[in-house]
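Q: Fold the following, please.
(2 chains)
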Amino acid sequence: MNDIKTIIEALLFVTGEPLAPKDIADILSDGERVRTRDVMNAIDELKAEYAGTGRSFAIENIAGGYRLHTLPRFERWIAKLFKQPTKSRLSQPSLETLAIIAYRQPITRVEIERVRGVNVDGVIRSLMDRGLITIRGRKPVAGRPFLYLTTREFLEHFGLKDLGELPMAEELRKSITRTKETTLEVNSSGAEGSTDENRPAGREDS
Amino acid sequence: MNGEIPGTPNGDVPSLGDIMPKGGVGGSCSEGYRVKLEIFEGPLDLLLYLIRRDEIDIYDIPMTNITGQYMEYLDIMRMLDLDIASDFLVMAATLIYIKSRMLLPPEEREEEEEEEYDPRMDLVRQLLEYRKFKDVATQLQAMEEEREKLFRRAEQDNLPKGEQPALDVGIFELLSAFSEVLKRSDAGKLREIVEDRFTVSDRIVYILGMLRKSAAIKFYSLFTDAASRTEIVVTFLALLELMRSKKVRVRQERAFDPIEIITCSA
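A: Sure, this is the predicted structure:
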């Protein structure tokens, strides 16, 4: 058990991408099977150790995996080391569009525009360029428009474990705007037009 | 709009005498447009601003008043010579429509409905929904800022992947494969209704995105989903561009095997 812990530490030490507990378990399974549960327990122990001994880094659970990161209070010095100005932040239109996609995915461009009330062509392009959203399939309606989803990079960018961690997740997934299209699909039953299509497709894997 | 291809061959560097700022210099031409829009992000944003500023009850919007205010802002924008996006005009029309509906006596169909029909209802719903997303966007922004303080291990490029290059595919094989795709698409039932707008750079992003997920993708799989001929052509152009800039390579195991696209590791 002790051994597993140090091996995991070594694995986390060398990787920048989040490591899924299952992948760690596969690596550790050498002859006899190591269970994902054991991996997670070992990681919890490591976490506690780091916190207890005042290390400058911690393990985070992000985008479905585990990863080491430095603690926020070291930002000043690390930033000096990299001599890098702060990363370009997302603009307000980008954030709004991203929020709509995150809660309502998979979603088409027209559906996004219906919520924002403006054309989102340019914003979508820049979000695609940054790898925060992706196209996955098409909606089976006239014109077969693309369906957009957030990516794993999106989760990483905002430090989320999965989409369930988004603020006000439950409330925002439901659409309150009743449109012609959704009313049709919901065969004009009453009240709130909460269609199933609005349910998020779970977390991105890739 | 943003269709410029990295390193287009004709390198017409403007001579020094060429000072006249002609239309679009490089890719910056679209930037100006976006800056103009930033005053209000859209009609909903402007309406929410007016509602907040005048402390209006969002469930009981005085239409005459708000329409007037809204039009005033459009006038100001026009005076400042700002490019008013069509979205703003659509909203203006909607506001006027609602306003006029409220002046009319109630129609018969309302008798059937239990609740009294309020022509403002749809707009109010839209505003409420948009406001929620705006709030959440602010929260996301805070989260983004928090994240910036954390650092993780930098990208590594020292992870070698043993893979032998197979046969590289020549441009003619590729073209004939492409004409196959086009022929096949003619037979199919293609319709164009809502047009998704494509540029070569969009499709480059798309192809690179696919390659990020799997090491190799089949040539034909790029087109299986295509809804129009334009899309097929643009996607193909994107592939050519990626090959030219040495971002991807196209290969096949043996002659007549399916053509595959892989990233150039070097």
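Q: wait, what's in contact with A:Leu166?
A: Listed by Cβ atoms under 8 Å, 6 or more residues apart in numbering or on different chains, the contact partners of A:Leu166 are A:Ala102, A:Tyr103, A:Leu160, A:Leu172, B:Val136. In this view, the C-beta of every residue, glycine as well, is placed from N, C-alpha and C.
Q: mind running it again at 6 Å?
A: A:Ala102 (Cβ atoms under 6 Å, 6 or more residues apart in numbering or on different chains).
Q: Chain B contacts on chain A?
A: Within chain A, the positions adjacent to chain B are A:16, A:67, A:69-70, A:72, A:75, A:78, A:93, A:95-96, A:99-100, A:115, A:117-118, A:128-129, A:134, A:142-146, A:158-159, A:167, A:172, A:176-177, A:206 by Cβ under 6 Å from any Cβ of the partner chain.
Q: among those, which are in helices?
A: Counted as lying in helices by DSSP state H, out of these, are A:Glu75, A:Ile78, A:Pro93, A:Leu95, A:Glu96, A:Ala99, A:Ile100, A:Val115, A:Met128, A:Asp129, A:Phe158, A:Leu172.
Q: The first one reaches B:Leu150, doesn't it?
A: It stands for A:Glu75. No. Assessed by Cβ atoms under 6 Å, A:Glu75 is found out of contact with B:Leu150, at 7.8 Å.
Q: The two - which one has more neighbours?
A: Comparing A:Glu75 with B:Leu150 by neighbour count (other Cβ atoms under 10 Å in any protein chain shown), the higher total belongs to B:Leu150, at 20 against 15.
Q: any idea what sits nearest that one, other than its immediate chain neighbours?
A: Using Cβ to Cβ, 6 or more residues apart in numbering or on different chains and skipping the chain neighbours, the partner closest in space to B:Leu150 is A:His69 (4.4 Å).
Q: The residues of chain A next to chain B, buried ones only, as a ChimeraX selection?
A: The ChimeraX command for the buried members of the residues of chain A next to chain B (criterion: 16 or more other Cβ atoms under 10 Å in any protein chain shown) is given here:
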select /A:67,69,70,93,95,96,99,100,115,117,118,128,134,143,144,145,146,158,159,167,172,177
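Q: Report the mean per-residue pLDDT for the lengthiest helix in chain A.
A: Ranked by residue count, the top helix of chain A under DSSP H comes out as helix A:36-52. Taken as a whole, helix A:36-52 has a mean pLDDT of 93.
Q: any idea of the pLDDT on the nearest residue to A:Pro145 once chain neighbours are set aside?
A: Leaving aside its sequence neighbours, A:Pro145 sits nearest to A:Thr108 (Cβ to Cβ, 6+ apart; 4.2 Å). On pLDDT, A:Thr108 comes in at 95.
Q: do the same with A:Ser94
A: 92.
Q: Near it, how many other residues are there?
A: 21.
Q: Same check on A:Ile135?
A: Counted with other Cβ under 10 Å, residues neighbouring A:Ile135 total 19.
Q: Around chain A, which positions in the stretch 1-150 of chain B sit nearby?
A: Checking the stretch 1-150 of chain B against chain A by Cβ under 6 Å from any Cβ, the hits are B:41-44, B:87, B:125-126, B:129, B:132-133, B:136-137, B:139-141, B:143, B:147, B:149-150.
Q: Could you tell me which of those count as buried?
A: Buried among the residues of the stretch 1-150 of chain B next to chain A by 16+ other Cβ under 10 Å: B:41-44, B:87, B:125-126, B:129, B:132-133, B:136-137, B:140-141, B:143, B:147, B:149-150.
Q: how many neighbours does residue 104 have?
A: Picked chain A for this. With other Cβ under 10 Å as criterion, A:Arg104 counts 22.
Q: try again with chain B
A: The number of residues packed near B:Leu104 is 8, by other Cβ under 10 Å.
Q: where's the nearest residue to B:Val181 once chain neighbours are set aside relative to A:Ile124, distance?
A: Excluding the flanking residues, the one nearest B:Val181 by Cβ to Cβ, 6+ apart is B:Phe223, at 4.8 Å. According to Cβ to Cβ, to the nearest Å, B:Phe223 and A:Ile124 sit 22 Å apart.
Q: what does B:Ala216 give?
A: 27 Å.
Q: which of these two has more neighbours?
A: The neighbour comparison of B:Ala216 against A:Ile124 (other Cβ under 10 Å) goes to A:Ile124, with 22 against 13.
Q: Show me how far the helix or strand containing that one is from its chain's centre.
A: A:Ile124 is part of helix A:121-129, with elements assigned from DSSP states H and E. Relative to its chain's centre, helix A:121-129 lies at 18 Å (Cα atoms, centre = their mean, to the nearest Å).
Q: which strands and helices sit next to that helix?
A: helix A:92-104 (3 or more Cβ pairs under 6 Å, 6 or more residues apart in numbering or on different chains; DSSP states H and E).
Q: So the most centrally placed residue in chain A, which state does it fall into?
A: Nearest to the mean C-alpha position of chain A, by Cα atoms, centre = their mean, lies A:Leu155 at 2.2 Å. For A:Leu155, the secondary structure call by DSSP: H, G, I helix; E, B strand; the rest coil comes out as helix.
Q: Touching, it and A:Asn61? I think so.
A: No. Taking contacts as Cβ under 6 Å, A:Leu155 lies outside contact range of A:Asn61: 10.7 Å.
Q: Give the residue spans of the chain that score low on pLDDT.
A: You didn't pick a chain, so chain A it is. A:1-2, A:84-87, A:175-206 (pLDDT under 70).
Q: oops, I was thinking of chain B
A: By pLDDT under 70, the low-scoring segments of chain B are B:1-40, B:81-84, B:106-116, B:155-168, B:170-171, B:186-196, B:254-256, B:265-266.
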